[in-house]
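Turn this into a structure:
(chains A and B)
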Amino acid sequence: QKEVEQNSGPLSVPEGAIASLNCTYSDRVSQSFFWYRQYSGKSPELIMSIYSNGDKEDGRFTAQLNKASQYVSLLIRDSQPSDSATYLCAVNSGGYQKVTFGTGTKLQVIP
Amino acid sequence: GAVVSQHPSRVICKSGTSVKIECRSLDFQATTMFWYRQFPKKSLMLMATSNEGSKATYEQGVEKDKFLINHASLTLSTLTVTSAHPEDSSFYICSASIAGDIRGEDTQYFGPGTRLTVL
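Residues are numbered from 1 along each chain as shown, chains lettered A, B, ... in the order given. You can find the predicted model right below:
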């Protein structure tokens, strides 16, 4: 079974710090990786997608992909209280346009 | 861009009634739409995958006769919860993938969700 693993948290970081969220996946042939943010009671919103090994930066967010080690991470610089949410990692599981979601990591940014 | 809407956002119904939820891609054509369910403090659970003009593919354990999915066009999919019961109360979320998206055809954009409460 294809799995996407995340630490459920909560991960607490002080305001202004770097938050590091990690995700591992089991399907070695996965090609597409996504990070979503989900506020309590709301639906997920796409933060970033990454397809190649290395880093991809978008504002305060950096996604890092290492296919050899089968992990993908999300760094949030200068964390803000508004970043407090659950972050979902999603991996294309090889099915037709279907992705597998992790259970999410809850992030708490402490003012 | 890539906006997905859902209607209604919240619905309360009596046990035994049917509820229809609409999912629309507003500014793009969606090759595929997905329906998820999420219980409080739990992860997303994929219910089914639908492609325009064809039958939906249901995940294991999801009753296709209870959760009817119609993907009538490239911008509209509907989920009908038939003969709803209290255990069907949940947060239902749809997502859509963009046809021909150069960033990756498997990027999913989520609707705002529909909170269903069955009394």
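
I'd like the distance from stretch A:64-78 to the chain centre, please.
8 Å (Cα atoms, centre = their mean, to the nearest Å).

Report the contact partners of residue B:111.
A:43, B:4-6, B:23, B:93-96 (Cβ atoms under 8 Å, 6 or more residues apart in numbering or on different chains). All C-beta atoms are positioned from the backbone trio N, CA, C, and that covers glycine.

how about a cut-off of 10 Å?
A:43, B:3-7, B:9, B:21-26, B:33, B:35-36, B:77, B:92-96 (Cβ atoms under 10 Å, 6 or more residues apart in numbering or on different chains).

In strands, which of those residues fall?
Members of the contacts of residue B:111 lying in strands (criterion: DSSP state E): B:4-7, B:21-25, B:33, B:35-36, B:77, B:92-96.

Please enumerate the strands of chain A.
Using DSSP E, the strands assigned to chain A run over residues A:4-5, A:11-14, A:19-25, A:33-38, A:45-50, A:54-58, A:61-66, A:71-76, A:85-92, A:99-101, A:105-110.

what lines up beside the last one in the sheet?
Each strand that strand A:105-110 pairs with, and the sense of that pairing, follows from DSSP bridges: strand A:11-14 (parallel), strand A:85-92 (antiparallel).

List the buried residues of that strand.
By neighbour count on 16 or more other Cβ atoms under 10 Å in any protein chain shown, the buried set for strand A:105-110 is A:105-107, A:109.

Compare the strands of chain A and say which comes out lowest on pLDDT.
Note on the strands of chain A: lowest mean pLDDT is at strand A:99-101, with a mean of 86.

Check which helices and strands that strand is in contact with.
If you count contacts as 3 or more Cβ pairs under 10 Å, 6 or more residues apart in numbering or on different chains; DSSP states H and E, strand A:99-101 packs onto strand A:4-5, strand A:33-38, strand A:85-92, strand B:45-51.
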